[in-house]
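Participant: sequence below, structure please.
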Amino acid sequence: MANEEAMIKLRIDVDYPYPSRVKSFLYVALRIKKRKSHDYLKNARIIAKMINESPKEVMAYWFFTPYTIPDKKLLDLLNPDRHEVALHVATDPYREWKTLENETHRKANYYTIHGTKSLRAQLLWGRKLGEEQAKIPSDFPLKLFPINPTLSLDYIVHERGLEGAKDALNRWADKECVWAVHPDWLFRKGRNRGPFYQSFKSLLEVDKELDTLRIRKRGFVKIASHKSEWKKDFIPKDDFIEKLSERGIDVFTFLERKWSSAIINPPSTWTKTEDNFGMLEIRDYESWWNNVGKKTRNMVRRAEKSGVRVTVVEPSEKLAEGIWKIYNEIPIRQGRAFLHYGERLETIMGNMFAVAQNSTFLGAFLNEELVGFIQILYGDNIAIISQILSMQKHWDKALNNALLAKAVEVCASKGERWLIYGRIGNHPSLDEFKESNGFIKFPITRYYVALTWKGKVSVRLGLHRDFKDALPQRLKVPLIPVLNWVSRRRVRLKH
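Facilitator: Alright, predicted model coming up:
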């Protein structure tokens, strides 16, 4: 029987003092031992914090060289209950051992030996050419750290990728083994190491709050946001911002959900831009029906007279097949390339079941055939129209009007007060449809928090925003036909 509570043992070889390989090489080559730089042992501090936050039983053995002696910042994190300071011998075992204990005021019990086959690295560490590692005297009082079984996580990630590392973690979860890592490869890929951060956090079961992030690369800047930022109120706190910065995120962006929780006195360092959602405030179905125009009511009636039946549909393989047929009806919709055209049935089914517990599917049926559907997602104090789509060949039957009317009815029955339907301002004909069904242009504020110097430069130059969002509305509208033409050309070349 697997022992799920087996202690996680870590061997952490702190070879180099900085995340930057070049800076570390200069530091070692010039024999510099100052430890006041803000990024000194930065990755080691991140690893120590992850260990301290882990709900698992963990014991970490830290092996330091003469050039990576822990400073006060790191030592404060190395609680003896989970961390033990040890020696990573570079050239002189006795001198390095005494230096480590004197400067850390910690007793060392174990040692490992720094080794390298690289002639350049041997010279860098002050060894003779051909001397791969220092020689240890037979009377050296420290114990050699047990070697077997030791699994090098950064090496496994490099050789097998994230899935291979995940498989290794699962297979060795209940076994007595030691996981070895080098902090300098936490986020960076080398010739035969790293990056092992994702696998390491999986091993320790930490940083789960970062799993919901969407990270995009815009030029030289990494921008993060929550995947479901419209579902829950969120105001980033200092520890969250610090964690993102440590993990290489330059800018964090989030929405102020004014209908639910307004932000009072935001920090002056946050940059804000104005945006909008198409929002419908729901009191009850009858009020909505009476407030929309006569044309909209007639469109809903037209669907009914055409024999269209709209009902709640449970997620199933049959529903997925119906959605697949709708997706693959035509490659062009509303004048632009349709992103879901050509999507596989397995992908559709997987996406559908992934959100099944927190959503409602409505289907429009004509002679028992699914000819349109709408997906409603639910968040805190909000319902969101994720998709609304119908067969193009039945456009004359006002399917989308019937689907939207049913969506309002379902939301009203569930007590949902607000219904979101995307942004207003990017597509004139779709905007007209939203407004005719009672949606208004609801102003919201998007905040950008610059976390690094690159993030600050990006925000100051306005490079943090999407091109289409940065464009003034007077320029955006004339460009829409051009962008639609470009997307159509791309899809024609593809298919």
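
Participant: C-alpha only now, for contacts and for neighbours.
Facilitator: Noted.

Participant: going along the chain, name the strands of the stretch 301-450 of the chain.
Facilitator: 309-313, 332-333, 336-337, 359-366, 369-379, 382-390, 418-420, 440-450 (DSSP state E, counting those that start in this stretch).

Participant: neighbouring contacts of the fourth one?
Facilitator: The one in question is strand 359-366. For strand 359-366, the surrounding residues in contact (CA atoms under 8 Å, 6 or more residues apart in numbering) are 307-315, 370-378, 399, 402-403, 406-407.

Participant: please pick the buried ones from these.
Facilitator: Those of the contacts of strand 359-366 that meet the buried threshold are 308-311, 315, 370-378, 399, 402-403, 406-407, by 16 or more other CA atoms under 10 Å.

Participant: pull up the distance across stretch 211-231, start to finish.
Facilitator: 16 Å (CA to CA, to the nearest Å).

Participant: pLDDT of that stretch, averaged?
Facilitator: The pLDDT scores in stretch 211-231 average 89.

Participant: do stretch 109-123 as well
Facilitator: 81.

Participant: how about that stretch: buried residues?
Facilitator: Neighbour-count burial for stretch 109-123, counted by 16+ other CA under 10 Å, picks out 110-115, 121-122.

Participant: tell me the one of the residues you listed nearest R460?
Facilitator: Taking CA to CA as the measure, R460 lies nearest A121 of the buried residues of stretch 109-123, at 41.2 Å.

Participant: that closest one and E132, how far apart?
Facilitator: Distance from A121 to E132, by CA to CA: 9 Å.

Participant: which residues do those two both contact?
Facilitator: In contact with both A121 and E132: no residue, using CA under 8 Å, 6+ apart.

Participant: pull up the pairing partners for the helix or strand where T112 lies, direction included.
Facilitator: Secondary structure from DSSP states H and E places T112 in strand 110-113. Paired with strand 110-113 in the same sheet, following DSSP bridges, are strand 83-89 (parallel), strand 143-144 (parallel).

Participant: could I get the ones you listed as JSON lines with distance to L210?
Facilitator: Formatted as JSON lines, the strands paired with strand 110-113 follow (distance: least, CA to CA, whole Å):
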{"stretch": "strand 83-89", "distance to L210": "25"}
{"stretch": "strand 143-144", "distance to L210": "37"}
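
Participant: a markdown table for the ones you listed, including distance to K49, mean pLDDT and mean neighbour count?
Facilitator: Output for the strands paired with strand 110-113, formatted as a markdown table (distance: least, CA to CA, whole Å; pLDDT from 0 to 100; neighbours: other CA atoms under 10 Å):
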| stretch | distance to K49 | mean pLDDT | mean neighbour count |
| --- | --- | --- | --- |
| strand 83-89 | 11 | 95 | 25 |
| strand 143-144 | 26 | 94 | 13 |
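
Participant: for the buried residues of stretch 109-123, which two are the farthest from each other?
Facilitator: Taking CA to CA as the measure, these span a maximum distance of 23.9 Å, between Y110 and A121.

Participant: sec struct for the residue nearest to L77 when sequence neighbours are not counted, please.
Facilitator: Computed as CA to CA, 6 or more residues apart in numbering, the closest residue to L77 that is not its neighbour in sequence is A48, at 6.2 Å. Secondary structure, DSSP: H, G, I helix; E, B strand; the rest coil: A48 is helix.

Participant: got a list of what A48 touches?
Facilitator: Contacts of A48 (CA under 8 Å, 6+ apart): 74, 77-78.

Participant: among those, which lie within helices?
Facilitator: 74, 77 (DSSP state H).

Participant: which of the contacts of A48 tops the neighbour count?
Facilitator: The residue in these with the most neighbours, by other CA atoms under 10 Å, is L78 (21 neighbours).

Participant: ok, that residue - contacts?
Facilitator: 48, 84.

Participant: from I12, how far off is the residue nearest to L77?
Facilitator: Distance from A48 to I12, by CA to CA: 10 Å.

Participant: before we move on, what about G342?
Facilitator: G342 is 47 Å from I12, by CA to CA.

Participant: quick one: which of these two has more around it?
Facilitator: Using other CA under 10 Å as the criterion, G342 and I12 rank with I12 on top: 23 against 15.

Participant: that one contacts A60, correct?
Facilitator: Yes. At 7.1 Å, I12 counts as touching A60 under the criterion of CA atoms under 8 Å.

Participant: overlap of the contact sets of these two?
Facilitator: Contacts common to I12 and A60, judged by CA under 8 Å, 6+ apart, are absent.

Participant: and Y447, how many residues sit next to it?
Facilitator: There are 18 residues near Y447, going by other CA under 10 Å.

Participant: so it makes contact with T269?
Facilitator: No. Counting by CA under 8 Å, Y447 does not reach T269; the two are 10.0 Å apart.

Participant: which among the strands of the stretch 301-450 of the chain is found nearest to E321?
Facilitator: Ranked by CA to CA, the member of the strands of the stretch 301-450 of the chain that lies closest to E321 is strand 369-379, at 9.2 Å.

Participant: which other helices and strands does that closest one contact?
Facilitator: Judged by 3 or more CA pairs under 8 Å, 6 or more residues apart in numbering; DSSP states H and E, the packing partners of strand 369-379 are helix 317-327, strand 359-366, strand 382-390, helix 399-413.

Participant: please name the bridge partners of the most centrally placed residue in the chain.
Facilitator: Nearest to the geometric centre of the chain sits L213, at 3.0 Å (CA atoms, centre = their mean). According to DSSP bridges, the partner residues bridging L213 are H226.

Participant: any regions of the stretch 301-450 of the chain where pLDDT drops low?
Facilitator: Applying pLDDT under 70 to the stretch 301-450 of the chain flags the ranges 333-337.

Participant: 90 instead?
Facilitator: With pLDDT under 90 as the threshold, the stretch 301-450 of the chain has low-confidence stretches at 328-343, 351, 354-358, 387, 392, 395, 422-431.

Participant: which stretches in the stretch 101-250 of the chain count as helices?
Facilitator: With helices called from DSSP state H, counting those that start in this stretch, the stretch 101-250 of the chain shows them at 119-124, 153-171, 197-204, 238-246.

Participant: who does the last one touch, helix- and strand-wise?
Facilitator: Packed against helix 238-246, as judged by 3+ CA pairs under 8 Å, 6+ apart, are no other helices or strands.

Participant: kindly report the same for the shortest one.
Facilitator: Other elements packing on helix 119-124 under the criterion 3+ CA pairs under 8 Å, 6+ apart are helix 21-29.

Participant: which helices and strands sit right next to the helix it packs on?
Facilitator: helix 119-124.

Participant: who touches the helix it packs on?
Facilitator: So helix 119-124 is contacted by 25, 28-29, 116, 128-132 (CA under 8 Å, 6+ apart).

Participant: the most far-flung residue of the chain relative to its centre and T91, how far apart?
Facilitator: Ranked by distance from the centre of the chain (CA atoms, centre = their mean), the top residue is D139, with 50.8 Å. Counting by CA to CA, the separation of D139 from T91 is 16 Å.

Participant: what of F442?
Facilitator: In terms of CA to CA, F442 sits 67 Å off from T91.

Participant: now swap in D380 and tell me
Facilitator: Applying CA to CA to D380 and T91 gives a distance of 60 Å.

Participant: between these two, point out the one with more neighbours.
Facilitator: Ranked by neighbour count (other CA under 10 Å), D380 and T91 place T91 first, with 20 against 11.
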